[in-house]
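Participant: Sequence first, then the predicted structure:
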Amino acid sequence: MRPRAVIIGSGALGLGFVAERLAPDYDLCLADLRAQEARLRLLERRQSYWVNLCGLEGVTTRQVQGSMAIAFTDRPAEDEVLRRAVVQADLILTVTSRPLLDRIVPWLSELLNGRETRHYLLFCENGLHIARSFANRFGRHTVLIDTVMSRMCRFDTPYSGAGYAPDGAPYRPLWPGHEEVLVVEETEFWPLDAGICEGGPFSPAFSLVPPEEFLLWEDIKLYMHNGMHAFVAYPAFLEGTRSFAEVSDALREAARETMLTEVVPAILRTHSCARQAELEGYGLSLLARFFNPFFADSIARGIRGVRDKLAPDERLFSGCEYIRRAGISPDGYARTIAAAQVVLAQQGVL
């Protein structure tokens, strides 16, 4: 019997990264709200879907196939389906927002604290030390794990302007004739802390790394990936830019300078296992991924949840403090905060 995994949250990241990686090795149960029912019913019937993998050289397609059941988190009549899947799963992965996670954890702890065998609960949301924050809610048989999710994913329609690759070829829809396409990055790296996970039911879909290296990747994700994505998105929005691929040369250069003079040095001074050439290379490749015309990331996606990202423990304020602790003035990085406040004002939030 193959190991079983429950994925709570079957949006772009849940399908485009988590399910795409796990489907070859695990029997899956995909859970989400009833608002996603049409898509999930089709997935249940077809047991496969297509993703568009976007690298810097072009787009390839991949069919995701496997054993995929579905369940709904807000349908009491089907509550038993999801409960049974959770109590039988080897891995449970949450792929939601932090506010929604706070509502899911009490329900999960009620189910999992009754289990008598070891199982693994993986938090796939952005943020640091999420597992630690919920440690007192779960018993000894539940192993809580933080993850680093570095593949950008988005839904689109085949008929929108952004629904086409730069060569004019349309992205492949989830299913023939379907109204949605799933566009994802080519990257497949998915690190987990080997000190916690070694010996568990983890297939080669995951990369088990030493604990000190995992901590490094957590900071890379929050401050280098998430922080610099916001650094580009907010001023680009204020300039009237619609796509990351259309970002001005001046803003690209500002991002490059902030990456190399503030973010990279701060991470190097924080983590003794980090290597300068590798970190600089990764940072520059990350910027290239942001601006990749084949992924065609929208600025609208980049400015979602601005208020949440201004929370004290989120990427912007905590990122400035992170850079200051390393003895560096976050002059460039801090400009993101001012831009975010202007974005909120223009949206009528402030």
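Facilitator: Ah, there it is.
Participant: what stretches of this structure score poorly on pLDDT?
Facilitator: 158-169, 349-350 (pLDDT under 70).
Participant: how does it divide into domains?
Facilitator: 4-209, 214-346 (automatic domain parsing).
Participant: now the strands for the chain?
Facilitator: 4-8, 27-32, 48-54, 59-65, 68-72, 91-94, 119-123, 142-146, 153-156, 181-185, 191-193, 207-209 (DSSP state E).
Participant: Of those, which is nearest residue 228?
Facilitator: Closest to residue 228 of the strands of the chain, according to Cβ to Cβ: strand 181-185, at 15.2 Å. Where C-beta positions appear, they are placed from N, C-alpha and C, glycine not excepted.
Participant: possible to save the domains of the chain as TSV with mean neighbour count?
Facilitator: As requested, the domains of the chain are exported to TSV (neighbours: other Cβ atoms under 10 Å):
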stretch	mean neighbour count
domain 4-209	18
domain 214-346	18
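Participant: Kindly reformat the strands of the chain as TSV and extend each row with distance to residue 317.
Facilitator: Shown next, in TSV, are the strands of the chain (distance: least, Cβ to Cβ, whole Å):
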stretch	distance to residue 317
strand 4-8	29
strand 27-32	31
strand 48-54	31
strand 59-65	37
strand 68-72	36
strand 91-94	25
strand 119-123	21
strand 142-146	20
strand 153-156	26
strand 181-185	27
strand 191-193	25
strand 207-209	28
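Participant: So which of those strands is nearest residue 224?
Facilitator: Nearest of the strands of the chain (Cβ to Cβ): strand 191-193, 14.1 Å.
Participant: Run me through the strand neighbours of that closest one, direction for each.
Facilitator: Strand 191-193 sits in its sheet next to strand 207-209 (parallel), going by DSSP bridges.
Participant: Next up, the contacts around the residue positioned nearest the centre of the chain.
Facilitator: The residue lying closest to the centre of the chain (Cα atoms, centre = their mean) is residue 149, at 4.4 Å. Residues in contact with residue 149 (Cβ atoms under 8 Å, 6 or more residues apart in numbering) are 13, 17, 124, 126, 190, 221.
Participant: Residue 145 too?
Facilitator: 120-123, 131, 192-193, 196-197.
Participant: Now it: closest residue in space that isn't a chain neighbour?
Facilitator: For residue 145, ignoring the flanking residues on the chain, the nearest one in space by Cβ to Cβ, 6 or more residues apart in numbering is residue 122 at 4.7 Å.
Participant: any idea how far residue 102 is from the one you found?
Facilitator: 17 Å (Cβ to Cβ, to the nearest Å).
Participant: Now do residue 302 against residue 58, distance only.
Facilitator: For residue 302, the distance to residue 58 equals 23 Å [Cβ to Cβ].
Participant: Equivalent analysis for residue 297, please.
Facilitator: For residue 297 relative to residue 58 (Cβ to Cβ), the value is 16 Å.
Participant: And for residue 192?
Facilitator: Taking Cβ to Cβ, one finds residue 192 at 30 Å from residue 58.
Participant: again, but for residue 281
Facilitator: 22 Å.
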